[in-house]
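Participant: Sequence isn't available, so here's the structure alone:
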C-alpha cells in the first residue's frame, strides 16, 4: 500500500616532568631542555596531543606537534606578528590546553643576548644549555598570538588586522631583562603588586591578544569574499532579514527557479508548531506539482549540461573508478525506473535500498523519485537485525542490494545479511516480493552468492533490458519523497519522512550558498547515502545545482592515510565536506600524509556530524586548506533536511568550533528549562521557531511520537534535542545532546500506541 505522510496515525494514549627540546632547522644549535610538565606523549583525545608550530619569516606555518610555547629570541617580543616575521630563527613551541572555550598557554619568555657574529651563542647565562629560562608566565592567550581589531558586539572586524592600527606590544625588547626571579602569574585579570618586569611583560605580550576561544576570528580573504554568493555581512543580513520578514516571498522567489508542472497555491506555507493549539503540521508549496528527479537531471540536460560529468565514482581499490555524464545518469535512472514500474511499483510504494557507495545507490534513489515511489536507504553497515526492523516498519515491495562490498581489506557479504533480515521480517508479516541484487564483481563473483529462486534477481540481467527513457510521475510538493530511519531513544527506529517540494528547494539552496557552489566546482562529500548527509549533500543538493559529485566506495585511510588527498588531487576536488571524526583520525596519522599531495584545487572545506573541536578545526584549516579555504562547520539534523546554523564562506569571520549564524529563514532560539527565550550571551536548549521548507513532516506511522518528541517539551518551538551557547558576538556553539535531561518533561507521554499498516496519502479536513 502507498506510503502516507499521516499513515496509520493512532490517537494518543597525572602529569610528569620531562625535558622538552627546542626543534630547529639549523642542526648546529644544541637543544635547550626545559623542566616543564608534559601530558602523556600519546593520547586518545586529540586536544591533548602535542605539536610544534613553526612560524617562518614569510608568515607561513608548518604544524608538526603542539603543546608548549618557547620564544627563542628577544626580537620575538616585538609584536604578535613580528614574532614570526622578523627572522628565520623565531619558532614557537607551545602547550595548548582547552577549558570550555578558553585557551591556557604555559609560556617561557626568554630574552637572551643575541650575538650576530656567532649564531651558536643564543643565551647569555653562562652559555649553560641546561639552564632553564628565567621567566615563566601563566597566560590566557589567543591561539597563535594573533591580535584582532576592535569591533562592536555582534560585528566582525571589517578590515585586515594587519593594517588596523599599531600593535599594543612594545617595540623595545631591550626593556626586558633576565635578572628577575621566576614568577607565576596566577590570574590574568589581576597582577600581583610589585610584579616588576612580569607586569610589564604581561601588559606587552597580552594586550589585544588576551582572549578566550570565542574571540578567535578567522577573516576570509578579500579575494574569496569578492567572488562569493554572499560576499559580506551586510549582504547576509539583507537576505536573512528578507527571509524572516517575508518567508513566503523569499522562498517563492527561490522556488520559481525550479521546474513546476503546476505552481503552488496560497498560502505558500501553513504551519502549527504549538501543540496546545492542535495537531502539529507543516506544509510548503502545497498544490505545486513537480518531480525532484526531473529537476536533478532533465532540467540540467535541457540547460545544455548533458555531457557534463555528474558522478565520478572511486572504488575501494586505488585505480578502480568510473564516471557518468548527466545524459548517461538519466539513461541509467530511466532503465531502473522502468524495471520498477514493470514489477508493479507505483506512486507511494516503499522501496528499500541497502547498497554501499556504488553509483547504483544514487541511481536507485533517483529512479524511485522519478516514478513517485518512496525510497528508504539503510546504511550498508547495519546488521541484519537493524535492517529487519526497518523492513518490518515500512514494508517495502522490493529491496535493492548487492552481493558484497569491499571495505578496505575486508569483504562484507551484504546479500547474506539481507537474506537473514528478510527471513526475520517475514515472521512479522513483512514479506518482500523482489530482491534486486547488483553484482559487485570487485568484491564477490556471482557464482559465490547465495540465491533464492523466485525472489532474487540480478540487476545486470534485468535492468539493462529496459528502455532508457521513462515518463515522469508528477507529484504534489507535499507528497512523500523518502523515509530515513534514525535511532530512537526507546530503541525503535524513527522513520523521518521528508516530502518533495520543500525539501527540493531547501537542499538545493543550502548547497549553493553554504558551499558557495560554482559550476566549475568538483564536489566531494565523504558521507554515506545511508545517512541524511548522503541524501541532501551527496545526491539531491549537488545534482539539483548541476554539480559534479565524487562518490567514494572505500575507506578514507585505505590503503594509506593519504587516500583522501590522493582523490582530491585526482579529481581536482574544490569543495571537500567531511566529519570531525575523520579529521581527527587523519590528524593522528601525521601531517606528512597530507603535505605530500598538492590539494591546490581545494577552495572550500566543510564539517558535518558533530561540533568540530577547535584544534581539529585549525588543523583542517591551516594544514589541509593551507589557511586559504573557509570551513563551513554545519549544524543540522536528519529531521531538518538541510543546514540550519552554518557559516557562509566569504560573509563572516569564523571562530574555530562555532557553527556561526543561522541560514536564511531559520530562527534559532535558546530557551531555559521553562521554555523562556534567553537573549544575548547565554547557554540553554536549542529550539527553532517557525518552520522552514526542508523540515520533516512526521515520523512514519507515528505522528503522536513526532509531536511528543519534537514539539511537546517547549510548545511553539521545534526542539532539536541539542544544547547551545551563544557568545557575546552572537556566534552559536553546539554543546551536545540534552535528550536525557529533557525527557523528564515528557514523562506524561511515555505510553504510545503502536500503529499498524499504511494508508493512502489522504488528509481529511478533520485532520487539519
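Facilitator: Everything's here; your move. This one's a predicted model, so the numbers in the text were calculated from it and none came from an experiment. Numbering: from 1, shown residues only.

Participant: Surely residue 670 is within a helix?
Facilitator: No - with DSSP: H, G, I helix; E, B strand; the rest coil as the criterion, residue 670 is assigned strand and is not in a helix.

Participant: in the sheet, who's paired with it?
Facilitator: residue 686 (DSSP bridges).

Participant: mind listing the strands for the stretch 651-768 of the chain?
Facilitator: With DSSP state E, counting those that start in this stretch as the criterion, the stretch 651-768 of the chain has strands at 668-671, 682-688, 698-699, 718-726, 732-737.

Participant: buried stuff in the second one?
Facilitator: Buried residues in strand 682-688, counting neighbours by 16 or more other Cβ atoms under 10 Å, are found at 684-688. Where C-beta positions appear, they are placed from N, C-alpha and C, glycine not excepted.

Participant: Can you tell me which of those residues is closest to residue 462?
Facilitator: residue 688 (44.8 Å; Cβ to Cβ).

Participant: From residue 253, how far off is the residue lying closest to residue 499 once chain neighbours are set aside?
Facilitator: Excluding its sequence neighbours, the residue lying closest to residue 499 (Cβ to Cβ, 6 or more residues apart in numbering) is residue 478, at 4.9 Å. Look at residue 478 and residue 253: by Cβ to Cβ, to the nearest Å, they are 20 Å apart.

Participant: Also residue 415?
Facilitator: Taking Cβ to Cβ, one finds residue 415 at 48 Å from residue 253.

Participant: ok, these two, which is more surrounded?
Facilitator: residue 415 (24 against 11; other Cβ atoms under 10 Å).

Participant: Poorly predicted segments of the stretch 351-500 of the chain, please.
Facilitator: Within the stretch 351-500 of the chain, the stretches with pLDDT under 70 are 488-490.

Participant: Would you map the strands across the stretch 201-350 of the chain?
Facilitator: Using DSSP E, counting those that start in this stretch, strands in the stretch 201-350 of the chain cover 269-272, 281-284, 289-290, 309-314, 321-325, 350-354.

Participant: what would those strands look like in a markdown table with distance to residue 335 and mean neighbour count?
Facilitator: Formatted as a markdown table, those follow (distance: least, Cβ to Cβ, whole Å; neighbours: other Cβ atoms under 10 Å):
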| stretch | distance to residue 335 | mean neighbour count |
| --- | --- | --- |
| strand 269-272 | 37 | 16 |
| strand 281-284 | 32 | 23 |
| strand 289-290 | 23 | 22 |
| strand 309-314 | 16 | 22 |
| strand 321-325 | 13 | 17 |
| strand 350-354 | 15 | 26 |
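
Participant: what pLDDT, on average, does the lengthiest helix in the chain get?
Facilitator: If you go by DSSP state H, the chain has its longest helix at helix 326-342. Helix 326-342 comes out with an average pLDDT of 99.

Participant: tell me which residues in that helix are buried?
Facilitator: Under 16+ other Cβ under 10 Å, the buried positions of helix 326-342 are 326-341.

Participant: Can you tell me which helices and strands that helix packs against?
Facilitator: If you count contacts as 3 or more Cβ pairs under 8 Å, 6 or more residues apart in numbering; DSSP states H and E, helix 326-342 packs onto strand 309-314, helix 360-370.

Participant: Quick check: which of these is nearest to residue 443?
Facilitator: Taking the helices and strands packed on helix 326-342 one by one with Cβ to Cβ, helix 360-370 is closest: 13.2 Å.

Participant: And that closest one, what does it pack against?
Facilitator: Under the contact rule (3+ Cβ pairs under 8 Å, 6+ apart), helix 360-370 is packed against helix 292-296, helix 326-342, strand 350-354, strand 374-377, strand 398-402, strand 480-486.

Participant: In CSV: those, plus distance to residue 238.
Facilitator: Shown next, in CSV, are these (distance: least, Cβ to Cβ, whole Å):
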stretch, distance to residue 238
helix 292-296, 27
helix 326-342, 34
strand 350-354, 41
strand 374-377, 38
strand 398-402, 45
strand 480-486, 31
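
Participant: Minimum distance to residue 717: which of these has it?
Facilitator: That would be strand 480-486 among the helices and strands packed on helix 360-370, by Cβ to Cβ, at 19.7 Å.

Participant: The closest one pairs with which strands, and in what direction?
Facilitator: strand 374-377 (parallel), strand 494-499 (antiparallel).

Participant: hmm, who's touching the following helix or strand past the shortest one?
Facilitator: Downstream of strand 374-377, the first helix or strand assigned by DSSP states H and E is helix 384-394. Residues lying outside helix 384-394 but in contact with it, judged by Cβ atoms under 8 Å, 6 or more residues apart in numbering, are 3, 350, 352, 354, 376, 378, 399, 417-418, 420-422, 424-425, 428-430, 432, 483, 485, 492-493, 495, 700-701.
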